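Participant: Quick one, structure for this:
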Amino acid sequence: MSDSEYRSLMLLFQVLVDDFRERHSELLTEENSPVKQVRKFEAKSLSQAKRSLMAGLSDFIEFSLDWSAARVASLDAACREKGIITFSE
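Facilitator: The predicted structure follows:
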């Protein structure tokens, strides 16, 4: 993964994490945010951060198997509004 792909996928990851937090605030807080964890890895090692990001995105891909088409469309719209890669891409 290139550095620019990493930056783009981190923006997507933030959208996914924010959506998850809105739906499951009892499970995910700002303190235990996966984005925060990836950023901690990034401070130490970009390659480790990239691996962590891919693991997190893989989790969301697995979760999405149970999502409605409307939810995916909503996430994609949120990404388009921000000018970033969509979840469907």
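
Participant: which residue of this protein sits farthest from its center?
Facilitator: Among the C-alpha atoms of the chain, the one most distant from their mean position (Cα atoms, centre = their mean) is that of K44, at 19.8 Å.

Participant: Tell me where this protein has helices.
Facilitator: 3-23, 34-44, 46-63, 69-82 (DSSP state H).

Participant: Alpha carbons of the shortest one, as PDB, please.
Facilitator: Yep, that's helix 34-44 we're talking about. What follows is helix 34-44, C-alpha atoms only, in PDB (Å, rounded to 0.1, in the frame of the first residue of the first chain):
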ATOM      1  CA  PRO A  34      -9.700   2.100  16.200                       C
ATOM      2  CA  VAL A  35      -8.600   5.200  14.300                       C
ATOM      3  CA  LYS A  36      -6.800   6.400  17.500                       C
ATOM      4  CA  GLN A  37      -5.100   3.000  17.700                       C
ATOM      5  CA  VAL A  38      -3.900   3.100  14.100                       C
ATOM      6  CA  ARG A  39      -2.600   6.700  14.700                       C
ATOM      7  CA  LYS A  40      -0.600   5.400  17.600                       C
ATOM      8  CA  PHE A  41       1.000   2.700  15.400                       C
ATOM      9  CA  GLU A  42       1.600   5.400  12.800                       C
ATOM     10  CA  ALA A  43       3.700   7.400  15.200                       C
ATOM     11  CA  LYS A  44       5.900   4.400  15.700                       C
END
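
Participant: For it, name the packing helices and strands.
Facilitator: helix 3-23, helix 46-63 (3 or more Cβ pairs under 8 Å, 6 or more residues apart in numbering; DSSP states H and E). C-betas here are computed from N, CA, C, even on glycine.

Participant: mind putting these in TSV, distance to I85 included?
Facilitator: As requested, the helices and strands packed on helix 34-44 are exported to TSV (distance: least, Cβ to Cβ, whole Å):
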stretch	distance to I85
helix 3-23	5
helix 46-63	11
